[in-house]
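Engineer: Next comes the sequence, and after it the predicted model I'd like to discuss.
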Amino acid sequence: FFCREVRCVGTHPVSGGGFSDIWKGTIDDIPVCVKVLRLFTADKAGQDLDCYQEALVWKQLQHPNVLPFLGVNEDLLAPSFCLISPWME
């Protein structure tokens, strides 16, 4: 569930939206997507719970149009929470 071996590629995200930034990363030289959730409140514990819930739901999804969930990382871009999935070109 935790991806501690993930590393970011570059010094800036490749894309972003209203609630997260997308970084290109690697796990053992395999490209991955690092979705870095933005923190909007001082309630880190509540946001962590929301992130874990999203991760648990995504982990259970299996559909051809949904990328597989690889794991989470809390240390890579702390204090932000990262969700890891395969990289799509």
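Structural biologist: Structure's in. What do you need? Numbering: from 1, shown residues only.
Engineer: now for the least confident helix or strand in the chain by mean pLDDT, which elements pack on it?
Structural biologist: Every helix and strand in the chain was compared by mean pLDDT, DSSP states H and E; the lowest is helix 44-60, with a mean of 81. Judged by 3 or more CB pairs under 8 Å, 6 or more residues apart in numbering; DSSP states H and E, the packing partners of helix 44-60 are strand 71-73, strand 82-86. For the C-beta atoms, the positions are set from N, CA and C on the backbone; glycine is no exception.
Engineer: Tell me the strands beside the last one, with direction?
Structural biologist: Put plainly, it is strand 82-86. Sheet pairing for strand 82-86, assigned by DSSP bridges, gives strand 30-37 (antiparallel), strand 71-73 (antiparallel).
Engineer: which residues sit against it?
Structural biologist: 3, 6, 25, 27, 31-37, 51, 54-55, 58, 67-74, 76 (CB atoms under 8 Å, 6 or more residues apart in numbering).
Engineer: Contacts for the least confident helix or strand of the chain next, please.
Structural biologist: 1, 37, 39-41, 66, 69, 72, 79, 81, 83.
Engineer: Which residue comes closest to Trp87 once chain neighbours are left out?
Structural biologist: Setting aside the residues directly before and after it, Trp87 is nearest to Pro31 in space (CB to CB, 6 or more residues apart in numbering), at 3.7 Å.
Engineer: Show me what the one you found is bridged to.
Structural biologist: Thr26.
Engineer: go on, Cys8?
Structural biologist: Gly25.
Engineer: distance of it from Gln60?
Structural biologist: Here the distance between Cys8 and Gln60 works out to 27 Å (CB to CB, to the nearest Å).
Engineer: These two - which one has more neighbours?
Structural biologist: Taking other CB atoms under 10 Å, Cys8 and Gln60 do not tie; Cys8 has more neighbours (18 against 8).
Engineer: need the contact list for that one.
Structural biologist: 23-25, 34, 76-77.
Engineer: coming back round to it: can you point out the buried residues in the least confident helix or strand of the chain?
Structural biologist: By neighbour count on 16 or more other CB atoms under 10 Å, the buried set for helix 44-60 is 47-48, 51, 54-55, 58.
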